[in-house]
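Chemist: Return a 3D structure for these sequence lines:
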Amino acid sequence: MLLDLVYAVAEDHPGEIAIVHGDQRITYRDFVERVERLAAGLADRGLGAGDPIALLLPNVPEFVIALYAITGMGAAIVPLNPQLKHDELKFRLQQSGVRGIISDDRAVGVCERVVAGLEHPVEIITTSTAHGHGTTIASLIESGEPRRLPARSPDEVFVYQFSSGSTGRPKRVARTHGNVCAEARAYPAAFGTGVGDGVFCVAPLFHDYGMTCSLLASTPAGATLVMLEDPNPFLLKRHRAIELIERERPTIFPGVPFTFRLLAEAPQEADMSSLRLCFSAGTALPREVFDAFLERFGVPVRQLYGSTETGTLAANLDEHPIATFASVGKPIGDVEIAVVDEHGAPVATGAVGELLVASPALTSGYLDQPELTAAAFRDGRYLTGDLGRIDEEGRVYITGRKKLLIPVGGYKVDPIEVEDVLNTHPSIAEAVVVGVPGDNAGEEVVKAAVVPTATCDAQDVIRYAQERLANYKVPQIVEFRDEIPKSPTGKILRQYLL
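Modeler: Predicted structure coming up:
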């Protein structure tokens with residue numbers, strides 16, 4: 001399946017560069033050998049087919065090597081944000097039933113504390129021996145015997161991921177080898193990627209956008225994955241990003257509006273002429289960001305659309321990118337997108353409705369949540385929760401959302417998840433979380449409206465959240481109220497909290 005595509009590249013172009021990271025330049029020949037050795041090393045530790053193995057890693061070559069090694073041996077990856085706090089991580093590890101964790105030094109401490117409270121043993125593998133762990137990725141690669149990994153069934157689980165779906169708490173989805181391979185095969189046809197191309201990777205690989213539009217769009221096609229070392233905070237790393245683009249000359253750049261705005265505003269000179277495709281996703285691309293990047297570098301930023309449940313659905317590859325800048329383009333590969341009304345019936349061309357999609361990369365539903373699956377998945381199609389329209393030429397435009405998700409710095413924050421945490425505070429009777437406009441166009445900040453039961457201040461609420469939530473989910477604004485506005489039926493009127 002997916003690894004078979006990489007094997008084919010390594011056989012035909014063994015000396016081509018698969019990954020660039022700092023001073024490391026890993027050829028496809030060496031990459032495949034490391035994948036095989038790590039798979040053998042993991043098997044020696046008792047991990048095997050069907051075992052979920054969590055990856056808590058930043059954008060490093062070890063993430064890519066581990067992804068192929070784990071899935072190549074028939075286990076499933078569980079990519080998780082290294083910023084997750086104890087309770088967030090515990091929930092995801094328990095839900096996934098992980099048998100192994102591969103972590104860097106920054107996340108290993110919280111991993112150890114979580115694992116100590118689990119009922120089943122979990123193998124922890126680290127990127128170094130700094131925390132006293134003898135089992136490292138390097139040691140497993142060194143000890144493992146390289147051996148070609150067998151082809152996997154398209155029905156085997158490739159990855160377990162957590163999605164906020166439309167609304168509500170994190171939901172676990174499984175995508176199979178068949179799903180992931182179908183998406184990987186769509187990129188060369190849609191983007192023209194192949195040997196000689198470079199994909200500039202700043203999106204986190206644990207997130208679906210980074211994993212698909214950076215990783216799946218590069219190594220299976222023979223392109224080079226050019227990884228920016230520790231890209232956060234991007235404001236402090238943009239000079240390095242510019243240097244890397246000028247040095248490595250990548251051709252494709254998947255980013256978010258925030259990264260393109262910061263690059264357009266960079267004080268240093270920059271040559272972006274190698275880029276032929278820049279994609280923005282995650283939230284709507286503001287026109288001022290599009291104009292600023294185009295004016296400075298002569299490269300249009302095109303919008304792209306997808307989700308954790310589906311992978312990439314559409315990309316703006318129009319020959320007139322300026323005139324169509326607001327569109328996310330047409331469906332790629334075998335993806336189908338329709339617009340339906342609240343009853344599921346198709347609407348007229350150009351009319352706004354909910355986007356209903358079908359794709360060979362689409363998951364079959366939310367694991368262990370049959371009611372949510374029945375509501376969102378119908379006859380092999382998925383109701384995205386996004387509102388949009390399709391013009392006469394087949395271009396898709398996103399016009400709004402039924403979702404509550406809040407776009408923050410390239411991430412999506414589920415307000416229900418934050419509310420669940422705040423409502424456990426001993427001095428809070430009720431908390432409601434919304435997104436309000438931030439300083440930058442297209443970005444929002446998290447705001448909490450709180451009804452207190454006892455004396456507490458904003459810093460106390462923020463500190464409580466910081467101890468339990470990843471930093472990007474923590475409210476930046478806390479507003480105290482006597483009551484939360486609600487309709488006569490008890491529905492929270494969020495529009496009055498903005």
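Chemist: in the top helix by length along the chain, what's buried?
Modeler: In the chain, with assignment by DSSP state H, the single longest helix is helix 28-44. The neighbour-count check on helix 28-44 (16 or more other C-beta atoms under 10 Å) flags 28, 30-43 as buried. C-betas here are computed from N, CA, C, even on glycine.
Chemist: likewise stretch 217-230?
Modeler: Neighbour-count burial for stretch 217-230, with 16+ other C-beta under 10 Å as criterion, is recorded at 217-228.
Chemist: same check, this time on stretch 127-140
Modeler: If you call a residue buried by 16+ other C-beta under 10 Å, then stretch 127-140 has these buried ones: 127, 133, 135-138, 140.
Chemist: Now do the SS call for T363.
Modeler: Secondary structure assignment for T363 (DSSP: H, G, I helix; E, B strand; the rest coil): coil.
Chemist: how far away is E16 from D30?
Modeler: Using C-beta to C-beta, to the nearest Å, E16 is found at 11 Å from D30.
Chemist: cool, and R381?
Modeler: 42 Å.
Chemist: As TSV, the buried residues of stretch 127-140 with pLDDT, secondary structure and distance to L405 would be great.
Modeler: TSV is the format used below for the buried residues of stretch 127-140 (pLDDT from 0 to 100; DSSP: H, G, I helix; E, B strand; the rest coil; distance: C-beta to C-beta, whole Å):
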residue	pLDDT	secondary structure	distance to L405
T127	91	coil	31
H133	71	coil	36
T135	90	coil	37
T136	94	strand	36
I137	95	helix	33
A138	94	helix	38
L140	96	helix	37
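Chemist: which among those gets closest to V450?
Modeler: Distance to V450, by C-beta to C-beta, is smallest for T127 among the buried residues of stretch 127-140, at 39.5 Å.
Chemist: shouldn't the closest one be in contact with I101?
Modeler: No. Using C-beta atoms under 8 Å, T127 is not in contact with I101; the gap is 11.7 Å.
Chemist: what residue is smack in the middle of this protein?
Modeler: When the chain is reduced to its mean C-alpha position, the nearest residue by C-alpha atoms, centre = their mean turns out to be H207, at 1.9 Å.
Chemist: where's the longest helix of the chain relative to the chain centroid, distance-wise?
Modeler: Put simply, helix 28-44 sits 25 Å off its chain's centre (C-alpha atoms, centre = their mean, to the nearest Å).
Chemist: what's the answer for stretch 306-324, then?
Modeler: 16 Å.
Chemist: picking up where we left off before, let me have the buried residues of stretch 127-140 in CSV, adding distance to G365 as columns.
Modeler: Compiled in CSV, these are given as follows (distance: C-beta to C-beta, whole Å):
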residue, distance to G365
T127, 34
H133, 37
T135, 35
T136, 37
I137, 33
A138, 38
L140, 34
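Chemist: Just give me the closest of these to L149.
Modeler: Of all the buried residues of stretch 127-140, L149 sits closest to L140, with 14.7 Å by C-beta to C-beta.
Chemist: hang on, that closest one packs against R37?
Modeler: Yes. With contact defined as C-beta under 8 Å, L140 counts as touching R37 (7.3 Å).
Chemist: where does the stretch 51-200 of the chain dip in pLDDT?
Modeler: Along the stretch 51-200 of the chain, the model assigns pLDDT under 70 to residues 131-132, 164-169.
Chemist: Could you check how many residues crowd around the nearest residue to C181 once chain neighbours are set aside?
Modeler: Nearest residue to C181 in three dimensions, chain neighbours excluded: M1, at 4.6 Å (C-beta to C-beta, 6 or more residues apart in numbering). Using other C-beta atoms under 10 Å, M1 has 20 neighbouring residues.
Chemist: who's in contact with M1?
Modeler: Contacts for M1 (C-beta atoms under 8 Å, 6 or more residues apart in numbering) come out as 151-152, 154, 158, 177-178, 180-181.
Chemist: This completes my enquiry, with thanks.
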